[in-house]
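Enquirer: Show me how the following folds:
(one chain, ligands or ions: 3)
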Amino acid sequence: MTHPIHHDSPTAEQIASAMERDELVMYYQPKVSLLTGNVVGAEALVRWNDPHSRVLSPSVFLPQAEAGGLLHDMTVQLLDDVVAACINVRRCAPDLALSINVAPNDLTSHAISSRIGSYLSGGSIQPHELQIEITESIVMDKFDVVLAELGELSSMGIKVLMDDFGTGYSSIDRLSQMPFSALKLDQGVVRRMTTSSQNLNTVRSAVAMARELGMTSIAEGVESIEQYNILIATGCEEAQGFYISRPMPLNQFIDFVKEDRHFPSSQIGCVHQAVFNILRYRKSLLDIAVCHALGSGSVAPSITDTRLSSSDHGFRAAEWYFGIGQLLNYHESFRAVEAPLIKLNELGSALQRELVSGSPSRAHSDRLRDIDNYSSLVVSELHRLESALLAELA
Ligand code: C2E
Ligand code: MG
Ligand code: MG
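Expert: Numbers count the residues shown, from 1 in each chain. Ligands and ions are numbered 1, 2, ... in the order given. Model (predicted):
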């Protein structure tokens, strides 16, 4: 396989003619689900096949393209390529998603989102087939405009992924304001994860934070089996990197998909995340009680925000349980979680209602005791499930 090379910076004129001659092509790098071991999609990465049969990497020409005002037209051209690729890939794998990188500047006009909108309304692609990757670092200037465009895209059902998370620009505040459905952990963060426990804790926290905010976590730059295995253990949901495959031309990616390969996987990390979510849920309920007890009737609305119950099923742990967790239904300990989990959710909702309606505090402590009992039950079954999953790995 050819690897991209780096050479002296091309001029904007050279890049413009490369675009005219269709020398820019997309390579595709597979993404694997760490929960199922299946290939779930790919990231499209631009390459320049220059007239001397060299494959140039984007770091060689993207900065010049941006400085020369060519990036927007380039993104439109590459978007058309990726849409064509979606249509192609669908024939052998209808559930895969291809992601395209866009620069924040691409989103300061309405052009990209309206082009994607017409592809969707014209029926060329389904929303689940195309995703957007954006690095937040540069969003600073026209934050409001970019935010509105991202909102528009996600309202069309297009998932927006935050690229290079952990590179130092992304604040938690920004993160929660933007409609991201996934965090891509930067490859530097992934690389350092195996060098100290402090660095590993950064990854653990990022995975937990993504989950709390209702986002998926994706690790990029996964190069070794050690990194891959740690990511499974943390509950990170997807991985991408040379360990799985290098980026490759579309036809090779399609062959790769057709091989139907399965990579190592386990939901053991998700089970731990579920334990964590249960403890957080209980703590949120306690927080409401605390603020009521302290606050002579005035309590911030955010604390009783029903988004605490983020889905029909109640809370994050339940989203996992009634979602992909169901693949573990053959475990007795998994099935044993269901009844107390439902009960816990009912008790939590009842407590919230009672606190809001100002019922006597003695009733609250009874409720909290029941909540404690049920959350302990759920947690101990989840721990049993972790042991069962560990035995499965051996
Ligand atoms: P990115 O979006 O964070 O893409 C990941 C980069 O990491 C890619 O570099 C990929 O080839 C590389 N990579 C993947 N797995 C590994 C690994 O295991 N180890 C190492 N060391 N590297 C790995 P690439 O293709 O050179 O792209 C660099 C950056 O250029 C991308 O970073 C993205 O920000 C930008 N880019 C690439 N294609 C496009 C595009 O079509 N449009 C725009 N606007 N930007 C693009
Ligand atoms: Mg990317
Ligand atoms: Mg990245």
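
Enquirer: where does the residue in the stretch 251-394 of the chain that ligand 2 sits nearest to sit relative to residue 233, distance-wise?
Expert: Per CB to the ion, residue 253 is where the stretch 251-394 of the chain lies closest to ligand 2, at 15.7 Å. For the C-beta atoms, the positions are set from N, CA and C on the backbone; glycine is no exception. Here the criterion is CB to CB, to the nearest Å. By it, residue 253 lies 28 Å from residue 233.

Enquirer: could you measure the residue of the stretch 251-394 of the chain closest to ligand 2 against residue 148, distance?
Expert: From residue 253 to residue 148 the distance is 33 Å (CB to CB).

Enquirer: Who has more neighbours out of the two?
Expert: Shown here are residue 253 and residue 148; by other CB atoms under 10 Å, residue 253 has more neighbours (25 against 14).

Enquirer: What sits closest to that one if chain neighbours are left out?
Expert: Leaving aside its sequence neighbours, residue 253 sits nearest to residue 28 (CB to CB, 6 or more residues apart in numbering; 3.9 Å).

Enquirer: which other residues reach the strand or helix carrying the one you found?
Expert: Assessed by DSSP states H and E, residue 28 sits inside strand 24-33. Identification of contacts with strand 24-33 by CB atoms under 8 Å, 6 or more residues apart in numbering yields 18, 38-49, 74, 77-78, 81-82, 85, 98, 218, 237-240, 244-250, 253, 256-257, 263, 265.

Enquirer: Those residues: which ones sit near ligand 1?
Expert: With CB under 6 Å from any ligand atom as the criterion, the contacts of strand 24-33 include 45-46, 78, 247 near ligand 1.

Enquirer: interface residues of the stretch 101-250 of the chain facing ligand 2?
Expert: Counting by CB under 5 Å from the ion, the stretch 101-250 of the chain comes close to ligand 2 at 101, 133, 163.

Enquirer: Look at the last one and give its secondary structure.
Expert: Spelled out, that is residue 163. Of the three states, residue 163 takes strand under DSSP: H, G, I helix; E, B strand; the rest coil.

Enquirer: Isn't it up against residue 100?
Expert: No - counting by CB atoms under 8 Å, residue 163 does not reach residue 100; the two are 11.0 Å apart.

Enquirer: So, low pLDDT: which residues of the protein?
Expert: 1-7, 136-141, 168-170, 296-298, 304-315 (pLDDT under 70).

Enquirer: Please give the element, helix or strand, for the residue of the stretch 251-394 of the chain found nearest ligand 3.
Expert: Closest residue of the stretch 251-394 of the chain to ligand 3, CB to the ion: residue 253 (18.5 Å). Assigned by DSSP H and E, residue 253 belongs to helix 250-258.

Enquirer: Packing partners of that helix?
Expert: Contacts defined by 3 or more CB pairs under 8 Å, 6 or more residues apart in numbering; DSSP states H and E place helix 250-258 against strand 24-33, strand 39-49, helix 71-90.

Enquirer: Can you check which of the ones you listed gets nearest to residue 211?
Expert: With CB to CB as the measure, strand 24-33 is the member of the helices and strands packed on helix 250-258 nearest residue 211 (15.3 Å).

Enquirer: what angle sits between the closest one and strand 39-49?
Expert: Relative orientation of strand 24-33 and strand 39-49, computed by axes from the mean of the first three to the mean of the last three CA atoms, to 10 degrees: 160 degrees.

Enquirer: Say whether ligand 2 is contacted by strand 24-33.
Expert: No - using CB under 5 Å from the ion, strand 24-33 stays clear of ligand 2, with a minimum separation of 9.1 Å.

Enquirer: one step back: out of the residues of the stretch 101-250 of the chain next to ligand 2, who's near ligand 3?
Expert: residue 163.

Enquirer: Quick one: the strands in the stretch 151-300 of the chain, in order.
Expert: Here the stretch 151-300 of the chain has its strands, by DSSP state E, counting those that start in this stretch, at 159-165, 182-185, 216-219, 238-239, 248-249.

Enquirer: packing partners for the second one?
Expert: Where contact means 3+ CB pairs under 8 Å, 6+ apart, strand 182-185 is packed against strand 159-165, helix 197-212, strand 216-219.

Enquirer: the inter-axis angle of the first one versus strand 39-49?
Expert: Spelled out, it's strand 159-165. Put simply, strand 159-165 runs at 70 degrees to strand 39-49, going by the same axes, to 10 degrees.

Enquirer: Quick check: chain neighbours aside, which residue is closest to residue 192?
Expert: Nearest to residue 192 is residue 199, by CB to CB, 6+ apart, at 4.2 Å.
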